[in-house]
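Asks: Quick one, structure for this:
(chains A and B)
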Amino acid sequence: VWQTWISSLSEGLQLTLELTLVISALTIALSLVIAATSTSEIRLVAHLGHLYTDVIRSVPLLPALIFVYYGLGGQLKDWGINTFWLVVVVFVVSESSYLGEVYRAIFETVAAGQLEAAKSLGLSWLKTNIRIVIPTSVPALLPVTVNGMILILKDTSLASMVTLPELTLTATTTVSESFQPLPVYLLLAGFYLVIVLPVTGLSSFLERRMQLPSRRDRDGNSATAVPIPAAVALDEAEPAGVIR
Amino acid sequence: VNLGLIGRLLDAGVVTVEVALGAWILGSILGLIFAILRHLGGLMTRTAVSSTVILLRAVPQLVLLYLIYFGLPVVGIQLSSLVAAIIALGVAESAFTAEYFRAGLQTVAATQGEAGESLGLSRLRIFSLIIAPQGLIVAVPALLNSLIGLLKLATLASAVGAPEILYQSQIEMSRFGNLSAIAATVVLIYILVTLPGIRVVRRLERRISRMQTV
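Replies: Residues are numbered from 1 along each chain as shown, chains lettered A, B, ... in the order given. I've put the predicted structure just below:
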């Protein structure tokens, strides 16, 4: 029996991974844009960027998914947009408000000393971000990005509520056929563990690598990471998204 | 404006708050226990605690909820949807609050513990008199954030039929079909509650981190 369960869950796993990768890529891109608004010369742009993330962060993901799916799903299907892409769009908007917020904090610290210098060199806002702020932020961005991807992967289980046959929905279907909730859901948890654990390892490796040696405390624990503010250091413990 | 609809959604919102508060209290207590065990325990305890935290953080809340609500009755533990949601969300949250407390405790300089040792204080007294009061206050903004997060996560309880705000919206949707009014009301309720919360916590965070640099 386990054999058939594992093979049916594996099919769901494939969709979960596809979802995670597509959503992550788009979320990272949008988050960079959101964070870049914070270094804008025009204060209104920075304020709008902030307002956007605060408002989007106030709305929980599951109701957003369900309302968009039942409200627009049929309409969108007529236009050739299927449930997969509907889920992707809702996720990207929601997740980028968390990751964008974390990126913003990093940008603000990194940029603090460099904005003046870039300005005196006569670089435009776009060039300042692409050439200076983003590259120098990379060490701080990497671990929080990996953490953000873990959160996205976990959140994709919510897509099961709008009939997308990813890992969690596959398990629920298996339960309704086998009437064996305990072993199937344990197996489901095991599936998530097997994917997430190596990535967690990667993220803590990156966190340690990206840290200045002198800043490690005696036990080699991560007391403080790369010069980023306390708020973000806390975030690394609780990945991308103070508020979930 | 449909006052009846707003009233029914707000009533269900009370259940959402109950789930969130219950999970928050459970998660904070468990998280504090984890952090203290990690701080004071021996190698075995520390390894056990960090493994638990890593495992809990890897599993989606929804999966944990299904395990507790649908899985546990098999071994004779039958919980109501409300209690199951509180336990699932609370246990999942404890993995995060444990990290907040730990990060907070780490902000207290090691030299302070050494100073305590040189005064002849026991490890427990060093922890309770010196480290904990300074370290735990740093975790306060993160804990408030976790409460805001749980108010949103509480909507997952609808997946097992707990009568919270999203569950009620789905009933309204199938009964009256006025989806846009329902969606607008729910989103507005959340923005009115959460947005000020986010801003207050951010201000508090700044104040506490400034307090530390002094």
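
Asks: helix or strand for B:Arg57, which one?
Replies: Here B:Arg57 is covered by helix B:43-58, with elements defined by DSSP states H and E.

Asks: Quick check: mean pLDDT of that helix?
Replies: What helix B:43-58 shows for mean pLDDT is 93.

Asks: low-scoring stretches of chain B, by residue?
Replies: In the predicted model, chain B carries pLDDT under 70 at residues B:1, B:212-214.

Asks: which residues of it fall in strands?
Replies: Here chain B has no strands by DSSP state E.

Asks: ok, longest helix in it?
Replies: Under DSSP state H, the helix in chain B containing the largest number of residues is helix B:3-40.

Asks: Also chain A?
Replies: helix A:83-120.

Asks: What lies in contact with whichever helix or strand comes after it?
Replies: Proceeding N to C from helix A:83-120, the next assigned helix or strand is helix A:125-127, under DSSP H and E. Residues from elsewhere that reach helix A:125-127 (C-beta atoms under 8 Å, 6 or more residues apart in numbering or on different chains): A:Ala36, A:Thr39, A:Ser40, A:Glu41, A:Ala118. (C-beta placed from N, C-alpha, C; glycine too.)

Asks: what about the last one, distance to chain B?
Replies: Pointing back at A:Ala118 there. Applying C-beta to the nearest C-beta, to the nearest Å, the value for A:Ala118 to chain B is 26 Å.

Asks: residues contacting the residue lying closest to that residue once chain neighbours are set aside?
Replies: Leaving aside its sequence neighbours, A:Ala118 sits nearest to A:Thr128 (C-beta to C-beta, 6 or more residues apart in numbering or on different chains; 4.3 Å). Listed by C-beta under 8 Å, 6+ apart, the contact partners of A:Thr128 are A:Thr39, A:Gln114, A:Leu115, A:Ala118, A:Lys119.

Asks: Which residue, other than its chain neighbours, is closest to the last one?
Replies: Right, the one you point to is A:Lys119. In space, A:Lys119 is closest to A:Thr128, 7.8 Å off (C-beta to C-beta, 6+ apart).

Asks: do you know how far that neighbour is from A:Ser96?
Replies: Counting by C-beta to C-beta, to the nearest Å, the gap from A:Thr128 to A:Ser96 is 21 Å.

Asks: Any stretches of chain A with poor pLDDT?
Replies: Short version for chain A, where the test is pLDDT under 70: A:111, A:211-244.

Asks: any idea which residue sits dead centre in it?
Replies: Nearest residue to the geometric centre of chain A (C-alpha atoms, centre = their mean): A:Gly148, 3.4 Å.

Asks: Hmm, that one is touching A:Ser96, no?
Replies: No - A:Gly148 is beyond contact range of A:Ser96, at 9.4 Å (criterion: C-beta atoms under 8 Å).

Asks: Can you check which residues contact both of the two?
Replies: With C-beta under 8 Å, 6+ apart, A:Gly148 and A:Ser96 have common neighbours A:Thr27, A:Ser31.

Asks: and A:Gln14, how many neighbours?
Replies: Using other C-beta atoms under 10 Å in any protein chain shown, the number of residues around A:Gln14 comes to 12.
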